[in-house]
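Enquirer: sequence first, then the predicted structure:
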Amino acid sequence: GESVGLHLPTLSVQEGDNSIINCAYSNSASDYFIWYKQESGKGPQFIIDIRSNMDKRQGQRVTVLLNKTVKHLSLQIAATQPGDSAVYFCAEGGGADGLTFGKGTHLIIQP
Amino acid sequence: EAGVAQSPRYKIIEKRQSVAFWCNPISGHATLYWYQQILGQGPKLLIQFQNNGVVDDSQLPKDRFSAERLKGVDSTLKIQPAKLEDSAVYLCASSVSRERDEQYFGPGTRLTVT
């Protein structure tokens, strides 16, 4: 069936560097995408979302890019901090309205 | 505002036993979701409620899982009988409406079936 997925299970970056987490989705009919951050023992926390009529959206230290041509989504985190260490999920809001999540990328911030 | 509340936070049961999880969504949120998150994977939607009605339960294993939201506020998810493969974190989320609004997640209930 349709699914969203992430390219890398683990990403390690130096504190202060920028990080980019990638996601590929397969449902070309999807028109809503979300990035969630999940820390150990907690539920997913909303970071930023984007609708299919946009290519880019910026938040505080985060930017989401959407390339509908190749069905690719990315999350850029600027000047990473220790508190950014977590598992990051992209999710797709489909016709059923519940979210379809990928497997997640574990972001590790090296001091 | 208070977030989504879930209880218990942890539960250990033996296979073939039954278990129930409780969720209290954010006040005023009409839409409530239950997700199952197996270790190392992303959450998977089990069931979605709009007020007290079921919108989507296509991925709910109905032979053993059931859920209700009788008064359109709190919800319970039950497993009877449990299997080893049901070991997971069960997440509850809520949103203002079905129109793809941001979903707010609770801390989850970690279920271990032995």
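Expert: Cool, the structure landed.
Enquirer: make it CA atoms for all contacts and neighbour counts henceforth
Expert: Noted.
Enquirer: can you give me how far stretch A:17-30 is from the chain middle?
Expert: In terms of Cα atoms, centre = their mean, to the nearest Å, the centre of stretch A:17-30 is set 6 Å apart from its chain centre.
Enquirer: quick check: mean pLDDT of it?
Expert: For stretch A:17-30, mean pLDDT rounds to 90.
Enquirer: equivalent analysis for stretch B:36-52, please.
Expert: Here the average pLDDT along stretch B:36-52 is 93.
Enquirer: can you point out the buried residues in it?
Expert: For stretch B:36-52, the neighbour count (16 or more other Cα atoms under 10 Å in any protein chain shown) marks B:36-38, B:42-52 as buried.
Enquirer: pipe the residues you listed into CSV and attach secondary structure and distance to residue B:68 per row.
Expert: Listed next are these as CSV, based on DSSP: H, G, I helix; E, B strand; the rest coil; distance: Cα to Cα, whole Å:
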residue, secondary structure, distance to residue B:68
B:36, strand, 16
B:37, strand, 20
B:38, coil, 22
B:42, coil, 24
B:43, coil, 20
B:44, strand, 18
B:45, strand, 15
B:46, strand, 12
B:47, strand, 10
B:48, strand, 10
B:49, strand, 9
B:50, strand, 11
B:51, coil, 11
B:52, coil, 8
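Enquirer: so which of these also contact chain A?
Expert: B:42, B:43, B:44, B:45, B:48 (Cα under 8 Å from any Cα of the partner chain).
Enquirer: list just the nearest of those residues to chain A.
Expert: Within these, proximity to chain A (Cα to the nearest Cα) peaks at residue B:42, which comes in at 4.6 Å.
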